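Visitor: Take a look and give me a structure for this.
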Amino acid sequence: MEHTGTHAIDTCAVDVTMLLQGEIPDVQIGYHRAFELLAADGTIAGYRAFPYRGARTQKAWDTLWDEVVQHMRDRGSNVLHLQNFHWKHAVDPRPAIARVRALPQRPVVTTSCGDGFGPRCEPPPRSLLQAASVADATFTTSMGRLASRLVRSGARRVTLIPHSACDVRFGRTAPPIPSDAREFDVVFVGNNHPVHNVSRRLYWSNRTRYRMTRALALRYGTRFAVFGHGWESLPGGQGPVAMADQVAACQRARVVFGGYPHSWEPFYLSDRPFVQALSAVPIVELRVPRIDAVLADGSEWLLASDLDEVVHRIDALLDGRLDGDAIGQAGAQAVRTRHMSTHRVRLMTRIFAALLAARDTDATPVCPPIDYFVPGTDPAVIAEATARW
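Guide: Residues are numbered from 1 along each chain as shown. Below is the predicted model of the structure:
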């Protein structure tokens, strides 16, 4: 599979209809606004979102799909995207997708996954597998066992599109506080919601985070600020913080501890590291396979495999053995230039256009260049971000 091209892909004929994961567009405001802006400036021909999380019965889904198909017929929309289509109330989308494909403009259909499914104890939901089995492409936030499971279900063109920082919520951040004027040494932002079902991957990731957070609290005391529900017993507990305020919370410390991968599958990151990196405070995060290709370990953030390495890296930042200001600034710049929601939407749009162009010429689609990797990443690693192209 080829990842580079010699000419720009024309996206101006792309008209996107998106089933949006939420009850209102504001739930996915970064992606929603990015598509709106692309339509407004003529980069794409049009865009409309249909939020789907209000549909909880077969009748409600039938009504929603009727509206989607009617809109696409009237508009001539040529792309249908099912965003993060793994909600427990989602019904089998295949009959509706068949109706969409029967429209005169022969729309391209894609779907996506926002969670790091894959381990045997928590496989991808049925709705995602059903959608992926008939889609022209499936976008994921991890690869590894998730990609393999999707391919076994019939998915084609599985493509890693990581989470990102929302331009609308976090496009503007306040200047960082000087390092010597910050209240805390280390900060962690996240809720403590224990999961009791040991068969869920969240049970194990929550357990890891809880153990590490308590250990850091013992080591750094009140100089370790913990924002979120469920940490009241810790000496540095600060109570909950609004999502939109987490960057400002991170700027009150000299180091950010990430510590919460929802998945250990290759490349997986939640949106939190990207958001918190905008604080320009250096992040120490738990290592997941291949995430050093998304943000550069040692220069844009610091990765650690266990608690001892977490402490070693934090201490190296606090005592000046590592230049925390330089790492924090580099991380913030990396997110602003490679990891905002607008970057993800533009990549998706280029993929839509490539699929449409190949369909119209009976050619084999070629994946457009992937733009979120650390510059100079090994092409063999980049190739791991796609499957069955």
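Visitor: And the strands in this protein, which stretches?
Guide: Residue ranges of the strands in the chain, as given by DSSP state E, are 15-20, 46-51, 79-82, 108-112, 137-140, 158-160, 184-189, 224-227, 237-239, 253-257, 283-286, 302-304, 386-387.
Visitor: Ala34: which of these is closest?
Guide: Nearest of the strands of the chain to Ala34, taken as C-beta to C-beta: strand 46-51 at 9.4 Å. C-beta here means a position set from N, CA and C on the backbone, and glycine is covered the same way.
Visitor: CA atoms of the closest one as PDB?
Guide: This file holds the C-alpha atoms of strand 46-51, laid out as PDB (Å, rounded to 0.1, in the frame of the first residue of the first chain):
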ATOM      1  CA  GLY A  46     -21.600  20.300   1.500                       C
ATOM      2  CA  TYR A  47     -22.100  18.800   4.900                       C
ATOM      3  CA  ARG A  48     -24.900  17.800   7.200                       C
ATOM      4  CA  ALA A  49     -25.000  16.000  10.600                       C
ATOM      5  CA  PHE A  50     -27.600  13.700  11.900                       C
ATOM      6  CA  PRO A  51     -27.100  13.000  15.600                       C
END
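Visitor: where does this protein have low pLDDT?
Guide: Regions of the chain meeting the criterion pLDDT under 70 cover residues 1-8, 119-121, 260.
Visitor: Tell me which residue is most central in it.
Guide: The geometric centre of the chain, computed from its C-alpha atoms, lies nearest to His163 (C-alpha atoms, centre = their mean), at 1.4 Å.
Visitor: Distance of that one relative to Val366?
Guide: With distances taken as C-beta to C-beta, to the nearest Å, His163 is found 25 Å from Val366.
Visitor: One more: Val255?
Guide: 42 Å.
Visitor: just Gln276 next, same as before
Guide: Gln276 is 35 Å from Val366, by C-beta to C-beta.
Visitor: neighbour-wise, which of these two wins?
Guide: A count of neighbours by other C-beta atoms under 10 Å puts Gln276 above the other of Gln276 and Val366, at 28 against 17.
Visitor: Do I have it right that the more buried one meets Ile283?
Guide: Yes. With contact defined as C-beta atoms under 8 Å, Gln276 reaches Ile283; the gap is 6.1 Å.
Visitor: Find residues that contact each of these two.
Guide: Residues touching both Gln276 and Ile283 (C-beta atoms under 8 Å, 6 or more residues apart in numbering) are Val256, Gly258.
Visitor: circling back: what about the spatially closest residue to the residue nearest to the centre of the chain that is not a sequence neighbour, neighbour count?
Guide: Across the structure, with C-beta to C-beta, 6 or more residues apart in numbering as the measure, the residue nearest His163 apart from its sequence neighbours is Asp271 (4.0 Å). Using other C-beta under 10 Å, Asp271 has 20 neighbouring residues.
Visitor: those helices in the stretch 51-200 of the chain, which residues are they?
Guide: 58-75, 94-101, 126-134, 145-152, 167-170 (DSSP state H, counting those that start in this stretch).
Visitor: Now do the buried residues in the first one.
Guide: With burial defined by 16 or more other C-beta atoms under 10 Å, the residues of helix 58-75 counted as buried are Trp61, Leu64, Trp65, Val68, Val69, Met72.
Visitor: Stretch 311-330 now?
Guide: Residues of stretch 311-330 classed as buried: 311, 313-314, 316-318, 322, 324-325, 327-330 (neighbour count, 16+ other C-beta under 10 Å).
Visitor: what do you get for stretch 193-210?
Guide: Arg201, Tyr203, Ser205, Asn206, Thr208, Arg209, Tyr210.
Visitor: Distance-wise, check the fifth one relative to Arg388.
Guide: In other words, Thr208. Computed with C-beta to C-beta, the distance linking Thr208 and Arg388 is 32 Å.
Visitor: Farthest-apart pair in the buried residues of stretch 311-330, please.
Guide: Of all pairs drawn from the buried residues of stretch 311-330, the greatest distance, 23.6 Å, lies between Val311 and Gln329 (C-beta to C-beta).
Visitor: domain assignment for this protein?
Guide: Under automatic domain parsing, the residue ranges defining each domain of the chain are 15-164+340-387, 169-338.
Visitor: neighbours of Pro240, just the number please.
Guide: If we define neighbours as other C-beta under 10 Å, then Pro240 has 13 of them.
Visitor: swap that for Cys113, sorry
Guide: Using other C-beta under 10 Å, Cys113 has 28 other residues around it.
Visitor: Redo the buried residues of stretch 193-210 as a markdown table? Include distance to Cys250.
Guide: Output for those, formatted as a markdown table (distance: C-beta to C-beta, whole Å):
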| residue | distance to Cys250 |
| --- | --- |
| Arg201 | 26 |
| Tyr203 | 27 |
| Ser205 | 20 |
| Asn206 | 21 |
| Thr208 | 21 |
| Arg209 | 17 |
| Tyr210 | 20 |
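Visitor: Show me those residues that map onto helices.
Guide: Members of the buried residues of stretch 193-210 lying in helices (criterion: DSSP state H): Arg201, Tyr203, Ser205, Asn206, Thr208, Arg209, Tyr210.
Visitor: can you count the residues close to the closest residue to Asn192 other than its chain neighbours?
Guide: Nearest residue to Asn192 in three dimensions, chain neighbours excluded: Gly230, at 3.0 Å (C-beta to C-beta, 6+ apart). Residue crowding around Gly230 was assessed by other C-beta under 10 Å; the count is 15.
Visitor: What's the separation between Gly230 and Phe184?
Guide: To Phe184, Gly230 is 19 Å away according to C-beta to C-beta.
Visitor: Then Leu356?
Guide: 50 Å.
Visitor: Those two: who's more crowded?
Guide: Neighbours around Leu356 and Phe184, counted as other C-beta under 10 Å, are more numerous at Leu356. The numbers are 24 against 19.
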